[in-house]
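# Any chance you could fold what I've pasted below:
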Amino acid sequence: MELDTGKRRHLVSAYAAVCHLLRQIDEAAREGRSPTGVGPPLTPLRAEDCDSVTAPLHELAVELRSVVARVAPAELRELESLQPQGNTVVWIANLLDHIRETVDGLRSSRMRKYGRLEARSATELDGLHERLTRLISDCEGALHPLQKSGSGDGAQ
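Numbering: from 1, shown residues only. All right, here's what the predicted structure looks like:
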């Protein structure tokens, strides 16, 4: 099979999506981890049930990878190549921004939109927000030198 660049990239994208979804299925089935990443844990399947459910999907991923390796080897290498550490640092910084937004939502001034807050609860929430914000700042402090350095190449 010969495919043009756009179709090869779509094939590789489909393979990457299948692998991602298969990891989520495995985590749900084997570990009871919700694919959303939040909420209560799921009840894992029994090992024999898990294997019977996931085995065909692992076979699917192997077959799809085989086709991708044959038809789009350069695109597959690109997908599987480590990105520079600087990319990791950027992702961590972006995710840290989301954590900060979530923690900021715990301020008493923001929690009031859910209803009246007792003074003691407001004080406790503001103290919690302050402590959590300090921990975020500690993370930023550790991340800052990595951002400044450019963080080298993917071999680190």
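# Around P44, count how many other residues there are.
The tally of other residues near P44 (other CB atoms under 10 Å) stands at 15. (Each C-beta comes from the backbone N, C-alpha and C, glycine too.)
# Just want the phi and psi numbers for it.
phi -60, psi 160 (degrees, to the nearest 10).
# go on, the one 5 residues further on?
Reported as degrees, to the nearest 10, the phi and psi values for D49 are phi -70, psi -40.
# And it, how far from K7?
Taking CB to CB, to the nearest Å as the measure, D49 falls 37 Å from K7.
# Likewise for Q24?
26 Å.
# how does this structure divide up, domain by domain?
With domains defined by automatic domain parsing, the chain comprises 5-80, 85-149.
# could the ones you listed be laid out in CSV, adding mean pLDDT?
Shown next, in CSV, are those (pLDDT from 0 to 100):
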stretch, mean pLDDT
domain 5-80, 96
domain 85-149, 95
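# neighbouring contacts of the host helix or strand of R77?
Taking DSSP states H and E as the definition, R77 sits inside helix 73-80. With CB atoms under 8 Å, 6 or more residues apart in numbering as the test, helix 73-80 has contacts from R8, R9, L11, V12, Y15, A16, R65, V68, A69.
# 7 Å instead, please
Under the contact criterion CB atoms under 7 Å, 6 or more residues apart in numbering, helix 73-80 has outside partners R8, R9, V12, A16, V68, A69.
# do the same with stretch 98-116
Stretch 98-116 is contacted from outside by L117, A122, L125, D126, L128, H129, L132, T133, I136, using CB under 7 Å, 6+ apart.
# Name the residues of that stretch that come out as buried.
By 16 or more other CB atoms under 10 Å, the buried positions in stretch 98-116 come out as R100, V103, R107, S108, M111.
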